[in-house]
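Asks: Give me coordinates for this.
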Amino acid sequence: MHIEPRILDFVALGIFVVVTIFLVYLVIYIHDIPYEIAKKRNHPHREAIHAAGWVSLFLMHTIWPFLWIWAYLYNPKEGWGVEKVAVEPTEELKGELKAISELKEKINELEKELEKVKCETKGEVA
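Replies: The predicted structure is shown next:
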């Protein structure tokens, strides 16, 4: 069985076209990952991330890792994580704080007694 060389040329060309289309699709899919992350996390800058993703295609994906980080920085529940959050102390911490304040009061009382004793001993010596 003899295969015409011209047919093998067309098969190779077909494989080449399919692989090329697949690689182009893969590059576009990969560059869009930060945008998809931002969209999923309801990121306030998701459109900027998307535009920067297209720019990264022309920059050979040099800024792409930064887009990935930018997309992950925003947490949907907490925002950027820089807001001050009021934290309620636990019962254990409340007990420890109470014990510390009692110890401070006791130290103050002892210091006053020490001052009285110093004054009394100075009065006896003089």
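Asks: what sits up against stretch 68-83?
Replies: 33-35, 37-38, 41-46, 49 (C-beta atoms under 8 Å, 6 or more residues apart in numbering). Bear in mind the C-beta positions are built from the backbone N, C-alpha and C, glycine included.
Asks: Buried only: go through the residues you listed for me.
Replies: Neighbour-count burial (16 or more other C-beta atoms under 10 Å) applied to these gives 34-35, 37-38, 41, 43, 46, 49.
Asks: what mean pLDDT does whatever helix or strand Glu102 lives in have?
Replies: If you go by DSSP states H and E, Glu102 is part of helix 91-125. Helix 91-125 shows a mean pLDDT of 88 in the predicted model.
Asks: again with stretch 45-53
Replies: Rounded mean pLDDT across stretch 45-53 is 94.
Asks: which residues are contacting that stretch?
Replies: 31-32, 34-35, 38-39, 43, 63-64, 67, 70-71, 74.
Asks: Try it again at 6 Å.
Replies: 31-32, 34-35, 38-39, 67, 71 (C-beta atoms under 6 Å, 6 or more residues apart in numbering).
Asks: Pick out whichever of those sits closest to Val19.
Replies: His31 (18.8 Å; C-beta to C-beta).
Asks: residue closest to the middle of the protein?
Replies: Leu73 (4.4 Å; C-alpha atoms, centre = their mean).
Asks: now the strand or helix carrying Phe16, how far from the centre of its chain.
Replies: Using DSSP H and E, Phe16 falls within helix 5-31. Here the centre of helix 5-31 is set off from its chain's centre by 39 Å, with C-alpha atoms, centre = their mean, to the nearest Å.
Asks: Return the set of buried residues in it.
Replies: Buried, per 16+ other C-beta under 10 Å, within helix 5-31: His31.
Asks: Give me the helices and strands touching it, please.
Replies: helix 46-58 (3 or more C-beta pairs under 6 Å, 6 or more residues apart in numbering; DSSP states H and E).
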